[in-house]
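# Starting from these lines, generate the structure:
(one chain, ligands or ions: 1)
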Amino acid sequence: MLKYIFIVGGVMSGVGKGVAAASIGKILQSRGFSVTAIKIDPYVNLDAGTMNPTEHGEVFVLNDGMECDQDMGNYERFLDCDLSSANYMTTGSVYQAVINRERNLGYGGKCVEVVPHICLEVLNKIDKAAAKSKANVVIVEIGGTVGEYQNILFLEAIRILKIKKPNDVLLSLVSHLPLQGSEGELKTKPTQYAARTLNAAGLQPDIIIARAPMPLDKKRKDKIAFNCSMAEEDVISAPDVNSIYEVPVNFEKDNLGGVILKKLKLKPKKQDLKDWEKLAEITRRAKNPVKIGIVGKYFGTGDFILADSYISVIEALKHSIYFFKKKPELHWLNADEFSGQDNLKKLSEYDGVVIPGGFGSRGVEGKIAAIRYLREKKIPFLGLCYGMQLAVIEYGRSVLRLKDANTTEINPEVQHPVIDILPEQKKLLEEKNYGGSMRLGAYPAVLKKGTIAYGAYKEHLISERHRHRYEVNPLYVKKLEEKGIVFSGFSPDRRLMEIAELPKKEHPFFVGTQFHPEFKSRPLSPHPLFREFVRAAINKKR
Ligand code: GLN
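Next up is the predicted model:
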């Protein structure tokens, strides 16, 4: 029988619902249950693909090409599973499904209404995703914060499900307790208001996960329990932690697994969080830093820095650095800073530098200048998607002496389009068909023996996730190879170049991938290319 755990957020956005949802999944997995996770986003966009990362954070890509919210990345990383588009929905996609069914007379002449039809479609999609993954427990995170007009619809769906299956649904509110003043106390009132807001929607939270700078004392727990009509043991402390991978271990300290199982009347089949505890231990104890720079441009939000746009890159780096039992020291470097010569020297302070994906012309010349410096000074470099394309452009300009080599993304008329759009992609752009139309999701690639890539994967055929329109122009492949670039990975039909690298005798680690390896790195099994990049970074330090 399927059990449902809903996660909603109170008090503020960015409170950590995604990590809480993923951690609850991890705990239940460790107790022997098969778990899947679903994210519901309240926006009207059909997917996250058309949004700027500074608006909504990273666009995560699934094997089947779904462009979705970054929380899906957390689920995959914590649960160590591959999710599909069935696990993601937005207000837009739910409405689209209902409207399509209505057009096909799927409602048999009835008046189709928001309540119940939209809500029932939400529940229908949840059941489908759970069936597809053969889960005993499905965790559903609802984006946004309770009280927003946008997510009322989803609260209503939970209410309907609770009527239908009173013993199988659990509602968890992730809240935040602000610390007032330097010697003040943790304040519970905003959490009480959030619980009351749920009450107004006909819902009572079963569990409150209280995010705060420190663990809650008994007094705070009592206060929340009393005012929100629940038992003290149902209030779980979620203090700030050094690394998100400590969260499941911390939750278990407050017996969250036990509380959930009791409420859902489930008997644990085992309890084994050992690997994860070991990882948490490493994240706490690691001392020797590995200093990595990330040269990007999606950092700014007003006066604040937002690392969310590159979250999978950051996590992939951490997985590999923890693998070597070292301490991640990651720095955000704004690409624009590197268009002048002076700042380039700064790059030698880093043990390695990553240039992640991107779109458009802003920051590009700075990234190209940085790549040139990294190549010449033999500093470990990992280029992801745009990062790989720009490495090819830099090589074209500096080594092949094609002075104006570029991508047609920036200059369609360029004399040397070393990076160019595929004819099928060109047609889509002419039709203004931008949504969900890039080369998306998992594609196979063949690796060349004796290369850095082959040495990392130790496999002949790999599968990696993509999100791009442009490719290395086949007309330049031979010329680039003659001058030293090794295309160590390519599509099975050899039409598309997937990995570009320089031989080890030329450079300790200079690798670019057309795909996004960061999407497949997992905390206990770091991605092979990130792992080798970090190994090279550690060697440089020595
Ligand atoms: N803008 C490039 C393209 O569309 C790279 C995309 C990316 O880095 N994800 O091909």
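
# Phi and psi next, for residue 13.
Per-residue torsions, residue 13: phi -80, psi 170 (degrees, to the nearest 10).

# per-residue confidence for the residue nearest to it when sequence neighbours are not counted?
Among residues not flanking residue 13 along the chain, residue 145 sits closest, at 5.5 Å (C-beta to C-beta, 6 or more residues apart in numbering). In short, each C-beta sits where N, CA and C put it, glycine included. Listed pLDDT for residue 145 reads 93.

# Same check on residue 304?
Residue 304 carries a pLDDT value of 63.

# Then residue 435?
84.

# likewise the one 10 residues further on?
Residue 445 carries a pLDDT score of 98 in this model.

# So, low pLDDT: which residues of the stretch 301-450 of the chain?
For the stretch 301-450 of the chain, residues meeting the criterion pLDDT under 70 lie at 301-306.

# near the ligand, which residues of it?
Within the stretch 301-450 of the chain, the positions lying close to the ligand (C-beta under 6 Å from any ligand atom) are 357-359, 385-386, 409.

# The residue in the stretch 151-300 of the chain that the ligand sits nearest to pairs with what?
Closest to the ligand within the stretch 151-300 of the chain is residue 296: 10.6 Å, counting by C-beta to the nearest ligand atom. Residue 296 has these beta-bridge partners by DSSP bridges: residue 334.

# show me the contacts for it.
Going by C-beta atoms under 8 Å, 6 or more residues apart in numbering, residue 296 touches 309-310, 332-335, 355-356, 358, 363.

# Now the closest residue to the ligand within the stretch 251-400 of the chain. Nearest residue, chain neighbours left out?
The minimum distance from the stretch 251-400 of the chain to the ligand, using C-beta to the nearest ligand atom, falls at residue 357 (2.7 Å). Spatial nearest neighbour of residue 357, excluding adjacent residues (C-beta to C-beta, 6+ apart): residue 385 at 3.8 Å.

# repeat for residue 425
Leaving out its chain neighbours, the residue that sits closest to residue 425 by C-beta to C-beta, 6+ apart is residue 469, at 4.5 Å.

# same thing with residue 458?
Among residues not flanking residue 458 along the chain, residue 528 sits closest, at 7.8 Å (C-beta to C-beta, 6+ apart).

# and that neighbour, what does it touch?
456-458.

# Return the per-residue confidence for the residue nearest to residue 425.
Residue 469 carries a pLDDT score of 94 in this model.

# can you check the one 5 residues further on too?
The per-residue pLDDT reported for residue 474 equals 95.

# Skip the chain neighbours and tell me the closest residue to residue 373.
Take residue 373 and drop its neighbours on the chain: the residue closest to it by C-beta to C-beta, 6+ apart is residue 344, 4.5 Å away.

# Let me fix that, I meant to ask about residue 238.
In space, residue 238 is closest to residue 211, 4.6 Å off (C-beta to C-beta, 6+ apart).

# for that neighbour, helix, strand, or coil?
Per DSSP: H, G, I helix; E, B strand; the rest coil, the secondary structure class of residue 211 is strand.

# hang on, residue 498 in a helix?
No. Counting by three-state DSSP, residue 498 falls outside a helix, being strand.

# That one contacts residue 515, correct?
Yes. Residue 498 is within contact range of residue 515, at 6.2 Å (criterion: C-beta atoms under 8 Å).

# okay, and the common contacts of these two?
Residues touching both residue 498 and residue 515 (C-beta under 8 Å, 6+ apart) are 445, 464.

# Residue 233 versus residue 219, what's the distance?
For residue 219, the distance to residue 233 equals 15 Å [C-beta to C-beta, to the nearest Å].

# Counting neighbours, go ahead and name the busier of the two.
Taking other C-beta atoms under 10 Å, residue 219 and residue 233 do not tie; residue 233 has more neighbours (15 against 11).

# quick one: contacts for the residue nearest to residue 13?
Residue 145 is in contact with 9-13, 15, 151, 194, counting by C-beta under 8 Å, 6+ apart.

# Closest one of those to the ligand?
Nearest member of these to the ligand, counting by C-beta to the nearest ligand atom, is residue 13, at 25.5 Å.

# related to what we said a few turns ago, may I see the residues of the stretch 301-450 of the chain next to the ligand arranged in CSV, with neighbour count and secondary structure as well?
Compiled in CSV, these are given as follows (neighbours: other C-beta atoms under 10 Å; DSSP: H, G, I helix; E, B strand; the rest coil):
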residue, neighbour count, secondary structure
357, 24, coil
358, 24, coil
359, 18, coil
385, 23, coil
386, 25, helix
409, 20, coil
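
# Tally up the residues packed near the residue nearest to residue 88 when sequence neighbours are not counted, please.
Using C-beta to C-beta, 6+ apart and skipping the chain neighbours, the partner closest in space to residue 88 is residue 68 (4.4 Å). A total of 23 residues lie near residue 68 under the criterion other C-beta under 10 Å.
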